[in-house]
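Trainee: How does the following fold in three dimensions:
(chains A and B)
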Amino acid sequence: MSSKPTKVYFYGTCLVDLFFPDAGMAGIQLLREAGLEVIFPQGQTCCGQPAFNCGYWEEARDVARTQVALFPQDLPVILPSGSCAGMMKVHYPELFHGQPDEAKVRAFSARVFELTQFLVEVLDVKLKDLGEPVKVTWHSSCHAVRDLGLKGEPQSLIGQLSNVTLAPLAREHECCGFGGTFSVRQPEISGAMSCDKAADAEATGASVVLSTDGGCLLNVNGTLEAKQSPLRVQHIAEFLWERTHAR
Amino acid sequence: MHVESEIHFRDAAAKALLDPQLRANFRRAMDGLISKRRAQFPDPRDLQDLRDLSTAIRSRSLLNLPDLLEQLEASCRKNGIQVHWAETCEQANELILGLLQAKGAKTLVKGKSMVSEEMHLNAFLESKGIEALESDLGEYIIQLDGETPSHIIMPAIHKNKDQIARQFSQKIKDAKYTEDVDELTAMARKVLRQKFLDADAGLSGVNFAVAETGTLCLVENEGNGRMSTHVPPLHIAVMGLEKVVARLEDVAPLYSILTRSATGQAVSTYFNLISGPRGTGEKDGPQEVHLVILDNGRSRIYADPQLRATLRCIRCGACMNHCPVYTRVGGHAYEAVYPGPIGKILTPQMEGVGVRHDLIHGSSLCGACAEVCPVEIPIPEILVRLRREATHEDAGSKVEGRGTGRTATEDWAWRLWAGVLKRPTLYRLAAWFATRFGKALPTGAPLIKDWTRTRTKPVPARRSLQERMRAEGARHD
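Mentor: Now for the predicted structure:
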């Protein structure tokens, strides 16, 4: 995209909608602050990833179709999630391969962006840190990196904040164990992965873990809370918004 | 028709997770392998170039597979290697038994071969009165305990030094207890050296078979591969039919990416190029060399354009080294010859997606495997395809056991899921209830019960994002 757009769509995702609405609001505010008009279509539900991953493609398509229809204008679609953005951008074309509406879906997929990717690559935002000194660590979500190909955009945004120190997380690229239905189909393995991730995060000495994905947030936060750790995972949008606005 | 799996990865994994020694052994070993591999590929562009080249070589080999196999057979024959074809493991076992019996062979010394594991060759031969002794140190260690490999290239990786020290002192005649690695290795060496000299026949696997030259390539670190294939008078090599490459020059990049991906070695200690039996006037080498080419479901995998990528595998094991699931549960929990990510796509295709439903769902689809695979096998994509095949029969699909993993409960659940999510008003209603009453859901409710084993119950926000945006009157057209 050569020129900066003036309007964008925002797709909240079901996990942010139900569990992390503050992160969604923060994402919208960050886009507005960059001078964009944000259109938030009502009628959003879920990108369809759970059914897609479990092999129920017909059901996934039914849901995906209703979502694509909400974004008719040729505008970027911004998601505060690497996993759902990966689903819409990378896996929708697979899901609709050979379907009568494949071309329409492909055109939609081409417009999909993960929030931090859009803030850095398209908007090239400049952030001014207004917060107290703090040490944070970064958990990279599997699908943001491997499906979507994020190459350090979130870290570069964190790097712009003068009072924030980014502590490296051991095995940063290892899955936190969420994996959607994996977390309940294989609760023992998933739980072991989550506990290890929580322990690695605690070992950094950071006071907050940042991530792009609602799934990782729900999983690692639930694990940290269960082990009565004071540490929490926060969505990066919410963190960036808080740091750049004095309360 | 739904097939109930008799094998449960979840149960076996849960048991493995309770063994702190096992978990520590795997974590330490896998962390070491990850960093050794990383050190071999300092430049990501060089790595990507080599992956692209290796993927292209393997894809091209598969594209011409039937022709290359015919060419391989002709080239081998010219070199004096006798070629045999086996559609099933039973046929391959009988073939090998026949070859051994024809020579009156009573003892067989084996270099490492996963295909022979696939055939359960050792047990078969033992039932026929023939001793099959593993000579790869790792294989030797597990054979002493009657175990199967827990990793495709490091079969005894589930054991640490102390465990092996105890085992050797109990199982090897006249062995004293020592934790010194050199002394332990020397003990095994002493036993094996005599076995190489006494064995009536040797068996090996094949890493690459070159069609144009009829050369069998064997990668190894201990010299046991060379001993097994050169000292006994009869050498039998076994390979899956996908192992063929067109030209000798195809081998160099594959060999390089294999050792670097597998053990983080620039080259292996030994690399054998076997091109036939002992020639006239030559002083060593076997009198007869046979190559057994096994199908065992590979032709069926080959027939599917997407699933064919499974056969690109060069068996480096990098996918398991980097797998967060494998690292925690180890290879035995898979109850399959091939564990880890490659096993999760290969085993169900061989045994049936219904009966191995447990394996295809034993992944978080994190993609770490595909990221490191030297031949870019899209393992998560294939897992999703197999999940679909397990519950739905795609038109024209040849997948073993397709449609046999389907249950009425799961069908019903996804229909309900889609029924709500494709109707925004229903979703809105569900979201309203979740935000108001989600807190009240009992911890013992299905799904929540599994979730809360290690986590607190997820509590929805008091108002959804949509609700807040509606209240704000945001533009929504």
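Trainee: alpha carbons only for contacts and neighbour counts from here, please
Mentor: Noted.
Trainee: so what pLDDT did A:F40 get?
Mentor: In this prediction, A:F40 carries a pLDDT score of 97.
Trainee: what's the closest non-adjacent residue to it?
Mentor: If you skip the residues right next to it in sequence, A:F40 has B:H476 as its closest partner in space, 4.7 Å away by C-alpha to C-alpha, 6 or more residues apart in numbering or on different chains.
Trainee: go on, B:A16?
Mentor: Distances taken as C-alpha to C-alpha, 6+ apart place B:V329 nearest to B:A16, at 5.3 Å, with adjacent residues excluded.
Trainee: One more: B:C313?
Mentor: Going by C-alpha to C-alpha, 6+ apart, B:C313 has B:V375 as its nearest residue, at 6.7 Å.
Trainee: hang on, isn't that neighbour packed against B:T310?
Mentor: No: with the criterion set as C-alpha atoms under 8 Å, B:V375 and B:T310 do not qualify as a contacting pair; they are 9.8 Å apart.
Trainee: Looking at the two, which one has more neighbours?
Mentor: Neighbour totals were compared for B:V375 and B:T310, and B:V375 leads with 27 against 23 (other C-alpha atoms under 10 Å in any protein chain shown).
Trainee: Now do the SS call for that one.
Mentor: Under the three-state scheme (DSSP: H, G, I helix; E, B strand; the rest coil), the conformation of B:V375 reads as coil.
Trainee: State the distance from it to chain A.
Mentor: Separation of B:V375 from chain A (C-alpha to the nearest C-alpha, to the nearest Å) stands at 16 Å.
Trainee: Show the pLDDT at that residue.
Mentor: Reading off the per-residue confidence, B:V375 sits at a pLDDT of 98.
Trainee: show me what contacts it?
Mentor: When contacts are counted by C-alpha atoms under 8 Å, 6 or more residues apart in numbering or on different chains, B:V375 touches B:51-52, B:54-55, B:58, B:312-314.
Trainee: So which of those are in helices?
Mentor: Among these, the members falling in helices (DSSP state H) are B:51-52, B:54-55, B:58.
Trainee: okay, and for chain A, where does confidence drop off?
Mentor: Scanning chain A for pLDDT under 70 picks out the ranges A:1-2, A:247.
Trainee: can we see that at 90?
Mentor: Scanning chain A for pLDDT under 90 picks out A:1-4, A:246-247.
Trainee: Residue of it nearest chain B, please.
Mentor: Ranked by C-alpha to the nearest C-alpha, the top residue of chain A for proximity to chain B is A:G55, at 3.6 Å.
Trainee: so what's the backbone phi/psi at the residue nearest to B:C313?
Mentor: Torsion angles at B:V375 (phi, psi; degrees, to the nearest 10) stand at phi -120, psi 20.
Trainee: before we move on, what about B:I153?
Mentor: Main-chain dihedrals, B:I153, degrees, to the nearest 10: phi -110, psi -20.
Trainee: same thing with A:K135?
Mentor: Summarising the backbone geometry of A:K135 under the convention degrees, to the nearest 10, its torsions are phi -110, psi 130.
Trainee: right, and it touches A:S162 too?
Mentor: No: counting by C-alpha under 8 Å, A:K135 stays clear of A:S162, with 11.3 Å between them.
Trainee: so which of the contacts of B:V375 comes closest to chain A?
Mentor: B:R51 (16.2 Å).
Trainee: Tell me, how many residues neighbour the closest one?
Mentor: Neighbours of B:R51 using other C-alpha under 10 Å come to 20.
Trainee: Could you pull up phi and psi at residue 15?
Mentor: The chain I'm using is chain A. Here the main-chain torsion angles of A:L15 (degrees, to the nearest 10) amount to phi -70, psi -40.
Trainee: got the contact list for it?
Mentor: For A:L15, the contact set (C-alpha under 8 Å, 6+ apart) comprises A:214-215.
Trainee: Can you show me the helices along chain A?
Mentor: For chain A, the helices defined by DSSP H cover A:14-18, A:21-33, A:49-53, A:57-68, A:82-86, A:92-95, A:102-109, A:115-117, A:142-146, A:153-159, A:182-185, A:187-203, A:214-226, A:236-243.
Trainee: I'd like to know which elements the shortest one is packed against.
Mentor: Using 3 or more C-alpha pairs under 8 Å, 6 or more residues apart in numbering or on different chains; DSSP states H and E as the contact criterion, the neighbours of helix A:115-117 among helices and strands are helix A:153-159.
Trainee: Equivalent analysis for the second one, please.
Mentor: On a contact count with 3+ C-alpha pairs under 8 Å, 6+ apart, helix A:21-33 meets helix A:14-18, strand A:37-39, helix A:236-243, helix B:465-472.
Trainee: Find the residue closest to residue 89 in space, skipping its chain neighbours.
Mentor: Looking at chain A here, since you left the chain open. With sequence-adjacent residues excluded and distances taken as C-alpha to C-alpha, 6+ apart, A:K89 is closest to A:S109, at 4.4 Å.
Trainee: wait, chain B
Mentor: Excluding its sequence neighbours, the residue lying closest to B:C89 (C-alpha to C-alpha, 6+ apart) is B:M119, at 4.9 Å.
Trainee: so what are the domain limits for chain A?
Mentor: Per automatic domain parsing, the structural domains of chain A span A:7-122, A:134-243.
Trainee: Figure out how far the shortest one is from the centre of its chain.
Mentor: Here domain A:134-243 shows a centroid-to-chain-centroid distance of 11 Å under the convention C-alpha atoms, centre = their mean, to the nearest Å.
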